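*Asks:* next comes the sequence, and after it the predicted model I'd like to discuss.
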Amino acid sequence: MKKSYFLFLLLPVLLLGGCSQKFQRGVKDFQSKWVGLERKVTVYSASGEPVRTYQGRIDIEPTEYGNKIKFAHDGRMVLIYNMGVVVEEVQ
């Protein structure tokens, strides 16, 4: 009888523990979409040299193609085609 109570109490803890990372990602996605995150976006040339860096509260919009990145920076829309881009979240 005590085993069934133990399993009944332990099961939700195990389920919630496994979902915490997924929940945190969901919160971060929501924050990114509606508020924007403090990010640093570095654009690189084909030879690997940094061309331009954007930093601030940046909201990145995913696209269906891998050759384009679209984001808003300081109230302006930035579109980058066929360039290497690294996006870092700044703490």
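*Replies:* That came in fine, so what should we check first? Fair warning: this is a prediction, and the values are worked out from it, not measured in the lab.
*Asks:* next up, the contacts around Phe71.
*Replies:* Phe71 makes contacts with 41, 54, 58-61, 77-78, as judged by C-beta atoms under 8 Å, 6 or more residues apart in numbering. To be clear about C-beta, it is placed using only N, CA and C from the backbone, and glycine gets the same treatment.
*Asks:* in the longest strand along the chain, which residues are buried?
*Replies:* Secondary structure of the chain read by DSSP state E shows that its longest strand is strand 50-61. Neighbour-count burial for strand 50-61 flags 54, 58-60 (criterion: 16 or more other C-beta atoms under 10 Å).
*Asks:* for His73, give me its contacts.
*Replies:* 41, 54, 56, 58 are the contacts of His73 under C-beta under 8 Å, 6+ apart.
*Asks:* if you drop the residues flanking it in sequence, what lies closest to the second one?
*Replies:* In other words, Tyr54. Val41 (4.4 Å; C-beta to C-beta, 6 or more residues apart in numbering).
*Asks:* the one you found contacts Ile58, correct?
*Replies:* Yes: using C-beta atoms under 8 Å, Val41 is in contact with Ile58, at 6.2 Å.
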